[in-house]
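Trainee: quick check, what structure comes out for this input:
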Amino acid sequence: MLDRLLGRASLKERVAELEEANHHLERQLDAEKERRADAATERQRAEAEVNRLEDRVAELQDRVERLQDEEGESTFRAEETLSRARLSEVLDRLESVETEPEGVFTAYVDAERSLPGPVRDAFGDRASLVASAAPCLAVTDDAGLLSACLSVPAPPSPFTGWADTVQLERSWFEPTGEHVVALVRSDLFAMGEYDGREQTAFHGFDSELKSQHSKGGFSQSRFERLRNQQIDSHLDRCRAAIEEVSPDRLYVVGEGSVIHEFEDLSTAMKPVDATGEPDAALDDAVRSLWTVRLRVP
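Mentor: Take a look at the predicted model:
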């Protein structure tokens, strides 16, 4: 009664209400903390699962790439165009290889022939790379330590064989001794006499050909006949110039459509795109002739 008279009853009720509200807020706060802790735990679990799945995906991708490499076509481990000094270094290394009898395999593989059985046997699962590099000189050994395919500017006749050293001759790859290089196009001829890489003589000329005819019928046929006659006359001059020199070794380069006319005279032939004046065109042709490509199966 005294509390009612003094007005404390309502105050106590208000305090009780506030305490209850405070307890309710505390419970809400505790629940929110618990919810956030659970959310953080779930986030950590999710992040761990994402990391696990990413690692698994990377593992599967790596496995797929390895399987594709194993099932797909092989590729060369290295490819290089050999400069003059680098070519000499590579040839020196090949010539320095010595093994027990029949420890080194050497073959010249002609692109126009199917891959010989001895080459397939020697290179095994890398034989397809040798076929893709042909024409080439292919070298390997019985231990699998040596493997190389080189383009050959002045190739020998196709051969295969095991020996205790690599079977090659320098003259197949770089100019040695006295020789002649003849550049033959349907409208140009250039010939250089060389001692090694040094040019000792030069002879060249060009021939004027009729320009392309625009008319058809008889006029076109007559034009083509006259143009072919001009080309034949030009090639006769080229042959006469070569025969006058009568070289022991002759390398013929130039237009693929005409160089075959000199097959009976040449040591080797190579189609080469060479333009410009006869002397400059010959220089370009000679550089192209003696370019050697190295590929490592």
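Trainee: pLDDT weak spots in the stretch 151-297 of the chain?
Mentor: For the stretch 151-297 of the chain, the stretches flagged by pLDDT under 70 are 210-218.
Trainee: quick one: the helices in it?
Mentor: Listed in chain order, the helices of the stretch 151-297 of the chain (DSSP state H, counting those that start in this stretch) span 217-245, 278-289.
Trainee: most tightly surrounded among these?
Mentor: The highest mean neighbour count among the helices of the stretch 151-297 of the chain, using mean count of other CB atoms under 10 Å, belongs to helix 278-289: a mean of 18. From N, CA and C alone the C-beta is placed, and that goes for glycine too.
Trainee: which helix or strand contains the spatially most central residue of the chain?
Mentor: The centroid of the chain falls nearest to E79 when counting by CA atoms, centre = their mean (5.6 Å). Taking DSSP states H and E as the criterion, E79 maps to strand 78-82.
Trainee: neighbours of E263, how many?
Mentor: Using other CB atoms under 10 Å, E263 has 9 other residues around it.
Trainee: coming back round to it: give me the residues contacting the strand holding E79.
Mentor: With CB atoms under 8 Å, 6 or more residues apart in numbering as the test, strand 78-82 has contacts from 86, 90, 291-296.
Trainee: among these, which one sits closest to W162?
Mentor: For these, the minimum distance to W162 (CB to CB) is 20.2 Å, reached by V296.
Trainee: and the residue nearest to the closest one when sequence neighbours are not counted, how many residues sit next to it?
Mentor: Spatially, and ignoring its direct neighbours in sequence, V296 is nearest to A78 (4.2 Å; CB to CB, 6 or more residues apart in numbering). By other CB under 10 Å, 10 other residues sit near A78.
Trainee: quick one: A78 from Y194, how far?
Mentor: The gap separating A78 from Y194 is 31 Å, by CB to CB, to the nearest Å.
Trainee: what's the answer for G161, then?
Mentor: Distance from G161 to Y194, counting by CB to CB: 31 Å.
Trainee: and if you look at R56?
Mentor: 65 Å.
Trainee: more neighbours, those two?
Mentor: Under the neighbour definition other CB under 10 Å, R56 and Y194 were set side by side, and Y194 has more, 21 against 10.
Trainee: contact partners for that one?
Mentor: By CB under 8 Å, 6+ apart, the contact set of Y194 is 175, 178-181, 200.
Trainee: partner residues bridging it?
Mentor: For Y194, the beta-bridge partners are H179, Q199 (DSSP bridges).
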